[in-house]
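[1] model this:
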Amino acid sequence: MILEYHRPKTLKEALQLLNRSTPLTRPLAGGTLLNRPGEDAIAAVDLQSLGLEQYEVRGKLFSVGAMVRLQTLLDATQTGDGLKDVIRHEAALNIRQAATIAGTVVVGDGRSPLLAALLALDARLEIHHAEAGASRVDLGDWLPFRRTRRGELITALELPLNVRLAYQYVARTPADQAIIGVVAVKWPAGRTRLALCGWGTAPCLAMDGPEPGGVEEAVRSAASASGDQWASSAYRQAAAAVLARRAVDLVTSAAETEA
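    Coordinates of the predicted model:
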């Protein structure tokens, strides 16, 4: 239940509202979560007037404003084909037109392929704090503490452009959420990162190394405690090993073709 609605004109005003201890105050981006019925009484801070809907290329980085809609990101020419596949699987068109990139980072759970892709991409968050100014933090360092942070706002995400990304998954149907998903990202120098999704409260990073050796062992280890009502740990481990090898082969062959 929304008790208060605010639409600040400046970032400073928004941060002051988000830094309040009472009432419980949450940012309203795309509204896909706060608009759902719920028992919590909250104050909503609408971010639409803060100018966070832009994106631009900065050297080898793609800077994406926090309020960029998923459909806008899907349509952007800078978005690679692999990431486009992930966005399409993340949500249907109607949701993509409302949901934002930062909103996905804040509320996405372990079944979110886009959050897994951002983790595999080693995305960096640009965050403004009510009391400490601006900072940049790696998504992987920020995720474990996202539920306890207050008085801050993600204003942009930085993604690498000089990479290849592949997403492989198993689901009951192609449109369903993944029972197990693997995102592989490879840099020109050979660095390879793999992230898994399909269970839990957040995706997990399975591997970050200079070369893609040992991918099967890495994902089996990462999925060792993944059992839930949808699949056993043993099933996810076996499937992840196959999907990881397939994803790594795709990004490797793509890099070799371009070379």
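
[2] Now do the helix or strand hosting residue 194: which elements does it pack against?
    Secondary structure assignment for residue 194, by DSSP states H and E: strand 192-197. Using 3 or more CB pairs under 8 Å, 6 or more residues apart in numbering; DSSP states H and E, the elements in contact with strand 192-197 are helix 113-120, strand 180-186, strand 204-209, helix 215-222, helix 233-258. Placement of C-beta: from N, CA and C, glycine included.

[3] Now do the contacts for the nearest residue to residue 198 once chain neighbours are set aside.
    Nearest-residue entry for residue 198: residue 180, 4.2 Å, with adjacent residues in sequence omitted and distances by CB to CB, 6 or more residues apart in numbering. Residues near residue 180 by CB atoms under 8 Å, 6 or more residues apart in numbering: 169-170, 196-199, 223, 226, 231, 235-236, 239-240, 243.

[4] Report how many residues lie close to the spatially closest residue to residue 247 that is not a sequence neighbour.
    Excluding its sequence neighbours, the residue lying closest to residue 247 (CB to CB, 6+ apart) is residue 184, at 3.6 Å. Residue 184: 31 surrounding residues under other CB atoms under 10 Å.

[5] Could you do residue 117 as well?
    Neighbours of residue 117 using other CB under 10 Å come to 28.

[6] right, and it touches residue 195 too?
    Yes: counting by CB atoms under 8 Å, residue 117 does reach residue 195; the two are 7.1 Å apart.

[7] shared neighbours of the two, anything?
    Common neighbours of residue 117 and residue 195 are listed as residue 183 (criterion: CB under 8 Å, 6+ apart).

[8] Let me know the pLDDT of the closest residue in space to residue 146 that isn't next to it in sequence.
    Once flanking residues are discounted, residue 146 sits nearest to residue 106: 6.5 Å by CB to CB, 6+ apart. Among the per-residue scores, residue 106 shows a pLDDT of 92.

[9] Then residue 32?
    The predicted local confidence for residue 32 is 51.

[10] Now do the helices in the stretch 51-200 of the chain.
    Taking DSSP state H, counting those that start in this stretch as the test, the helices found in the stretch 51-200 of the chain are 70-75, 81-90, 93-96, 101-107, 113-120, 139-142.

[11] For the first one, give the mean pLDDT please.
    For helix 70-75, mean pLDDT rounds to 98.

[12] For that helix, enumerate the helices and strands it packs against.
    Counting by 3+ CB pairs under 8 Å, 6+ apart, the packing neighbours recorded for helix 70-75 are helix 81-90, helix 93-96, helix 101-107.

[13] CA atoms only for it - export them in PDB, please.
    Extracted as PDB, the C-alpha positions of helix 70-75 are listed here (Å, rounded to 0.1, in the frame of the first residue of the first chain):
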ATOM      1  CA  LEU A  70      14.300  -2.800 -20.900                       C
ATOM      2  CA  GLN A  71      12.600  -2.400 -24.300                       C
ATOM      3  CA  THR A  72      14.700   0.700 -25.000                       C
ATOM      4  CA  LEU A  73      17.900  -1.300 -24.100                       C
ATOM      5  CA  LEU A  74      16.700  -4.100 -26.400                       C
ATOM      6  CA  ASP A  75      16.300  -1.700 -29.300                       C
END
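
[14] that older thread, what's the farthest-apart pair in the contacts of residue 180?
    Taking CB to CB, the two most distant members of the contacts of residue 180 are 197 and 235; they sit 15.0 Å apart.

[15] picking that back up, mean neighbour count and distance to residue 28 for the helices and strands packed on helix 70-75 - can I get that in CSV?
    Shown next, in CSV, are these (neighbours: other CB atoms under 10 Å; distance: least, CB to CB, whole Å):
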stretch, mean neighbour count, distance to residue 28
helix 81-90, 20, 20
helix 93-96, 14, 16
helix 101-107, 22, 9
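
[16] Of all those, which one comes closest to residue 19?
    Nearest of those (CB to CB): helix 101-107, 16.2 Å.

[17] more crowded one of residue 197 and residue 235?
    More neighbours surround residue 197 than the other of residue 197 and residue 235, with 30 against 16 (other CB under 10 Å).

[18] Grab the nearest non-local neighbour of the more buried one.
    Closest residue to residue 197 apart from its sequence neighbours, by CB to CB, 6+ apart: residue 116 at 3.8 Å.
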